[in-house]
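Asker: here is my input, please return the structure:
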Amino acid sequence: NCVRNNLVKKILFYQWYSFMNPGIEKAFKQLEIQYDILYYQQTDWEEDAIFEEKIEKQIQDNVYDAVFSVNFAPVISKVCQHRGIRYISWVYDSPMHIRNIEVMKNSCNEIYMFDWGQVQEYKKLGVNMEHLPLAVDSEIFNLPMNDEIIKKYSAQISLVGKMYTTDYPKYTSPLSTETKKLLNDMISSQRDVYNDCFIPELLTDELLQKINAEYAKAGLDFYIEKRELEYMMLCETTSRERTVILSLLSKHFDTHLYTTEKPGIDNLKVHGPVDYYKQMPYIFKLSDINLNISLKSIRTGIPLRCVDVLGCGGFLLSNYQEELVQYLEVGKDCEVYGSFEEMYEKAAFYTKHEELRKQIARNGFMKVQEIFTFRNRIEQMI
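Answerer: Numbers count the residues shown, from 1 in each chain. Sure thing, here's the model as predicted:
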């Protein structure tokens, strides 16, 4: 059993190329918590002998009250369970790409997740998981401004993020017309629904058996598991939604997309990916409207994109998320939509009403500095 006490003096902070690290470190310092950093970029989160050895040695050679990480790392949990030390993880990814759910049930784990809806699902499986929204440090995003930067990043509407292009067509091409229609109907229905992720419930064992039987009938030595198909379909749903929205907006507004992909949408200004700390804050601050189109696997939570936009002083227009309207006042701190029509109407309205838009952005900025701070979140976890 892990030793737990309320007094945490020293933490081993495992870092990888993730967001939020500077804000967390700053909170540790504010709370006078000593910490060491172990940086390692894992290729396989569940099996990595080199990483396991590094964690073992670090814990063996030092005295820590807990190990902390952004996102849950099964390798760390395995070591902490063996060593009897607390393992605290704060998850911002959705969904969690963990193949072995059993390791999430280790008694050393204290897992915090930003999405209340997913927390309830994991609790049903026996995972020690608690709900905790994400955070932002506005000071980190407060970058110097000049005319060149203003010219480069100013836009009416911007979206920073993936298009979530998938191999869905390749995986469905061997299937029967009936099965393909069934899956496409699921995606079409899910695309227009916010705050209710029902595709996982529709992917029954019977349907999966039928799909894999059709693969076998087509002569394919291939078997698809539920979680793999579920994630692919949710990404495909999100991809189609983002394509429709960006196609619509780019016909009428100066619309920019920052991504690693090339969606091929007429009139859309497509840029490459941007640095999270050095470029992204400028986009959020200088765009009239910043879009958030949540990945469909996020059931109720506020994605990191939303708190980052607000923390940079940007105006946020997001799809409806239950927690977004619980923590923020719609029309005062941000704006939300529940349909394509409402999204377009609000985009058209706020591009024309600059003072109101700027006031809402200021309100949102003040709100996240009040209730979405790293110090508050770390205090809750520690």
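Asker: okay, now the unreliable bits of this structure?
Answerer: Counting by pLDDT under 70, the chain has low-confidence residues at 1-6.
Asker: now do the strands in it.
Answerer: If DSSP state E is used as the criterion, the strands of the chain fall at 10-15, 34-39, 66-70, 86-91, 109-113, 129-131, 155-160, 255-258, 269-271, 287-292, 316-319, 335-337.
Asker: next, the buried residues of the first one.
Answerer: Of all the residues in strand 10-15, those buried under the rule 16 or more other Cβ atoms under 10 Å are 11-15. The way it works is simple: take the backbone N, C-alpha and C, and place the C-beta from them, glycine included.
Asker: ok, these vs S294, which is closest?
Answerer: Among these, Q15 lies closest to S294 (Cβ to Cβ), at 26.0 Å.
Asker: if that closest one is in a bridge, with which residues?
Answerer: In this entry, Q15 is beta-bridged to Y39, by DSSP bridges.
Asker: wait, it sits on Q41?
Answerer: No - counting by Cβ atoms under 8 Å, Q15 stays clear of Q41, with 9.3 Å between them.
Asker: just to revisit the earlier point, dump the strands of the chain into a markdown table; add distance to L182 as well.
Answerer: Conversion of the strands of the chain to a markdown table gives the following (distance: least, Cβ to Cβ, whole Å):
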| stretch | distance to L182 |
| --- | --- |
| strand 10-15 | 42 |
| strand 34-39 | 46 |
| strand 66-70 | 38 |
| strand 86-91 | 32 |
| strand 109-113 | 31 |
| strand 129-131 | 32 |
| strand 155-160 | 31 |
| strand 255-258 | 31 |
| strand 269-271 | 33 |
| strand 287-292 | 30 |
| strand 316-319 | 25 |
| strand 335-337 | 29 |
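Asker: so which of those gets nearest I360?
Answerer: When the strands of the chain are compared by Cβ to Cβ, strand 335-337 sits nearest I360, at 7.0 Å.
Asker: who does the closest one touch, helix- and strand-wise?
Answerer: strand 316-319, helix 340-352 (3 or more Cβ pairs under 8 Å, 6 or more residues apart in numbering; DSSP states H and E).
Asker: show me the residue at the heart of this protein, geometrically.
Answerer: Nearest to the geometric centre of the chain sits D93, at 4.3 Å (Cα atoms, centre = their mean).
Asker: thinking again about what came up before, got a markdown table for the helices and strands packed on strand 335-337, with distance to P144 and mean neighbour count too?
Answerer: Compiled in a markdown table, these are given as follows (distance: least, Cβ to Cβ, whole Å; neighbours: other Cβ atoms under 10 Å):
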| stretch | distance to P144 | mean neighbour count |
| --- | --- | --- |
| strand 316-319 | 23 | 24 |
| helix 340-352 | 27 | 15 |
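Asker: so who does L207 touch?
Answerer: By Cβ atoms under 8 Å, 6 or more residues apart in numbering, L207 lies in contact with L182.
Asker: gap between it and E201?
Answerer: Shown here: L207 relative to E201, a distance of 11 Å by Cβ to Cβ, to the nearest Å.
Asker: so what's V103 closest to, chain neighbours aside?
Answerer: P74 (4.4 Å; Cβ to Cβ, 6 or more residues apart in numbering).
Asker: actually, D65.
Answerer: With sequence-adjacent residues excluded and distances taken as Cβ to Cβ, 6+ apart, D65 is closest to V8, at 4.5 Å.
Asker: that neighbour: neighbour count?
Answerer: By other Cβ atoms under 10 Å, 21 other residues sit near V8.
Asker: ok, it to N142 distance?
Answerer: Using Cβ to Cβ, V8 is found at 29 Å from N142.
Asker: and V307, by the same measure?
Answerer: Distance of V307 to N142, computed by Cβ to Cβ: 15 Å.
Asker: equivalent analysis for V136, please.
Answerer: From V136 over to N142 the distance is 12 Å, taken as Cβ to Cβ.
Asker: same drill for these two, tell me which one is more crowded.
Answerer: More neighbours sit around V136 than around the other of V136 and N142, counting by other Cβ under 10 Å; the figures are 23 against 13.
Asker: off-centre distance for stretch 13-24?
Answerer: Here the centre of mass of C-alpha atoms in stretch 13-24, compared against the chain's by Cα atoms, centre = their mean, to the nearest Å, lies 15 Å away.
Asker: measure it end to end?
Answerer: With Cα to Cα, to the nearest Å as the measure, the first residue of stretch 13-24 is 9 Å from its last.
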